[in-house]
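Asker: Pasting the sequence and the predicted coordinates here, then a few questions.
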Amino acid sequence: DAGVIQSPRHEVTEMGQEVTLRCKPISGHNSLFWYRQTMMRGLELLIYFNNNVPIDDSGMPEDRFSAKMPNASFSTLKIQPSEPRDSAVYFCASIPSGTGLVETQYFGPGTRLLVL
Amino acid sequence: RKEVEQDPGPFNVPEGATVAFNCTYSNSASQSFFWYRQDCRKEPKLLMSVYSSGNEDGRFTAQLNRASQYISLLIRDSKLSDSATYLCVVNLMNTGFQKLVFGTGTRLLVSP
């Protein structure tokens, strides 16, 4: 089992550029979460998909952020345009189908984003 | 006010010491409670669930006080490998689905 796969692992970009983060959940998992982690605010839920459908996006900071899940094996989080305050570690997590237990989330290794 | 509050630490303790972390949560509708562990530059991982009756897993003991909205984690006989950040986590049932709310974490450093 490869676990949750995220790419890139590190991203350095300049303010105003578009950033796309990618996530491949574990095969057979039907719920996917995007989180952002900063020192000041900790780990915050951005958006949650169930069976590829966005269920809760109330944590998405603003219109510059968008997320998609075109199929069960792939999701993207896009920031356009990026700003220095978007610098953070972005985690993707997935839950096995049928458990219904949100605490059984498997986290990916994260993408470290630095916006200059 | 943050939904989940923790002392950020760091807690510096020698090997073999007993250390306790506390956490408070603000939403009385919180359904379930957990401690996660996060190593430096790694992803968070579930350490243990927290039950009202208290629960123990080896050297780790977790307690929940719903009346005071307070959660604790006790680590006995601490090891060097216990050095990490410990995240207090609350599960909220929000509009029909579950949502984990994380504290900012308490950092533990265990020294030889």
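Answerer: Yep, that arrived. Numbering: from 1, shown residues only, chains lettered A, B, ... in the order given.
Asker: quick one: strands adjacent to the helix or strand of chain A with the lowest mean pLDDT?
Answerer: For chain A, using mean pLDDT, DSSP states H and E, the weakest element among its helices and strands is strand A:53-56, scoring a mean of 90. Strand A:53-56 pairs in its sheet with strand A:42-50 (antiparallel), by DSSP bridges.
Asker: helix or strand for B:M48, which one?
Answerer: strand B:44-50 (DSSP states H and E).
Asker: List the contacts of the helix or strand just after that strand.
Answerer: Where DSSP H and E defines the elements, the next helix or strand beyond strand B:44-50 is strand B:55-57. Strand B:55-57 has contacts (C-beta atoms under 8 Å, 6 or more residues apart in numbering or on different chains) with B:M48, B:S49, B:T61, B:A62. For the C-beta atoms, the positions are set from N, CA and C on the backbone; glycine is no exception.
Asker: got the residues of chain A near chain B?
Answerer: Neighbours of chain B within chain A, by C-beta under 8 Å from any C-beta of the partner chain: A:39-45, A:48, A:50, A:55-56, A:91, A:100, A:102-105, A:107-110.
Asker: give me that answer again for 7 Å
Answerer: Within chain A, the positions lying close to chain B (C-beta under 7 Å from any C-beta of the partner chain) are A:G42, A:L43, A:L45, A:I55, A:D56, A:F91, A:V102, A:E103, A:F107, A:G108, A:P109, A:G110.
Asker: what's across from B:S32 in the sheet?
Answerer: B:N91.
Asker: And the nearest residue to A:T38 once chain neighbours are set aside, how far from A:V53?
Answerer: Excluding the flanking residues, the one nearest A:T38 by C-beta to C-beta, 6 or more residues apart in numbering or on different chains is A:A88, at 4.7 Å. Note on A:A88: its distance to A:V53, by C-beta to C-beta, to the nearest Å, is 25 Å.
Asker: which one of the two has more residues nearby?
Answerer: Between A:A88 and A:V53, A:A88 has the larger neighbour count (other C-beta atoms under 10 Å in any protein chain shown), namely 21 against 8.
Asker: Quick one: which of the contacts of strand B:55-57 has the lowest pLDDT value?
Answerer: Across the contacts of strand B:55-57, the smallest pLDDT goes to B:S49, namely 91.
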